[in-house]
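Enquirer: I need the structure of the sequence given here:
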Amino acid sequence: MKLGDAIQSADWKNEKHVPAIEAPDVVTAGVPFTVTVSVGKEIPHPNTTAHHIAWIDVFFKPEGDKFLYQVGHFDFTGHGASVKGADTGPVHTHPSATFSMTVDSAGTLVAVEQCNIHGLWESSKEVKIG
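Expert: Numbers count the residues shown, from 1 in each chain. The predicted model follows:
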């Protein structure tokens with residue numbers, strides 16, 4: 001089995017596990033732009049001790065390049081756990097991260113997330129140079 005065989009994908013507007021990638025369609029080479037990745041944008045994903053998004057990784061694959069380059073890794077560790085019991089804690093992290101980046105060429109942003117119950121999910125978004 002290959003890792004890719006275990007990664008699921010769908011439309012984030014219809015499936016709560018798919019990472020949504022918000023970024024400009026066209027950017028200027030070498031100029032910072034903002035990217036937001038999130039899970040549960042249209043359909044909320046549970047954030048409980050028993051069922052939550054653990055992390056999101058973001059990669060960039062330049063057009064014509066063989067490899068993906070990791071842009072960021074975002075952990076979400078607050079799921080309501082407490083010494084009083086599951087889901088009684090005061091902190092819940094929501095699976096969303098915003099960052100800025102630059103690129104020198106067009107390519108594809110790829111986000112992969114881990115749901116502790118439903119496994120790995122991915123999505124992608126093309127970014128052009130204008």
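Enquirer: The most far-flung residue of the chain relative to its centre: what secondary structure?
Expert: In the chain, counting by CA atoms, centre = their mean, K84 sits farthest out from the average C-alpha position, at 30.7 Å. Counting by DSSP: H, G, I helix; E, B strand; the rest coil, the backbone at K84 sits in coil.
Enquirer: and the gap between it and A54?
Expert: K84 sits 22 Å away from A54, going by CB to CB, to the nearest Å. (Glycine included, C-beta is placed from N, CA and C.)
Enquirer: Same question for V39.
Expert: 10 Å.
Enquirer: Tell me the residues that contact both of these two, please.
Expert: C115 (CB atoms under 8 Å, 6 or more residues apart in numbering).
Enquirer: which of the two has more neighbours?
Expert: V39 (28 against 13; other CB atoms under 10 Å).
Enquirer: Tell me where the chain has strands.
Expert: For the chain, the strands defined by DSSP state E cover 8-9, 19-22, 26-27, 33-39, 53-62, 69-75, 96-101, 107-115, 119-129.
Enquirer: a markdown table for these, including mean pLDDT and distance to T88?
Expert: Converted to a markdown table, these look like this (pLDDT from 0 to 100; distance: least, CB to CB, whole Å):
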| stretch | mean pLDDT | distance to T88 |
| --- | --- | --- |
| strand 8-9 | 86 | 31 |
| strand 19-22 | 97 | 28 |
| strand 26-27 | 98 | 44 |
| strand 33-39 | 98 | 23 |
| strand 53-62 | 98 | 20 |
| strand 69-75 | 98 | 21 |
| strand 96-101 | 98 | 23 |
| strand 107-115 | 97 | 22 |
| strand 119-129 | 97 | 27 |
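Enquirer: Of those, which is nearest N47?
Expert: Nearest of the strands of the chain to N47, taken as CB to CB: strand 53-62 at 7.3 Å.
Enquirer: Can you list the strands that that closest one pairs with?
Expert: strand 69-75 (antiparallel), strand 107-115 (antiparallel) (DSSP bridges).
Enquirer: To A29, which of those lies closest?
Expert: Across those, A29 has its closest neighbour in strand 107-115 (11.1 Å, CB to CB).
Enquirer: what does that closest one contact?
Expert: The contact list for strand 107-115 (CB under 8 Å, 6+ apart) reads 7, 17, 19, 21, 23, 35, 37, 39, 45, 51-63, 65, 68, 71, 95, 120-127.
Enquirer: Thank you kindly, that will do.
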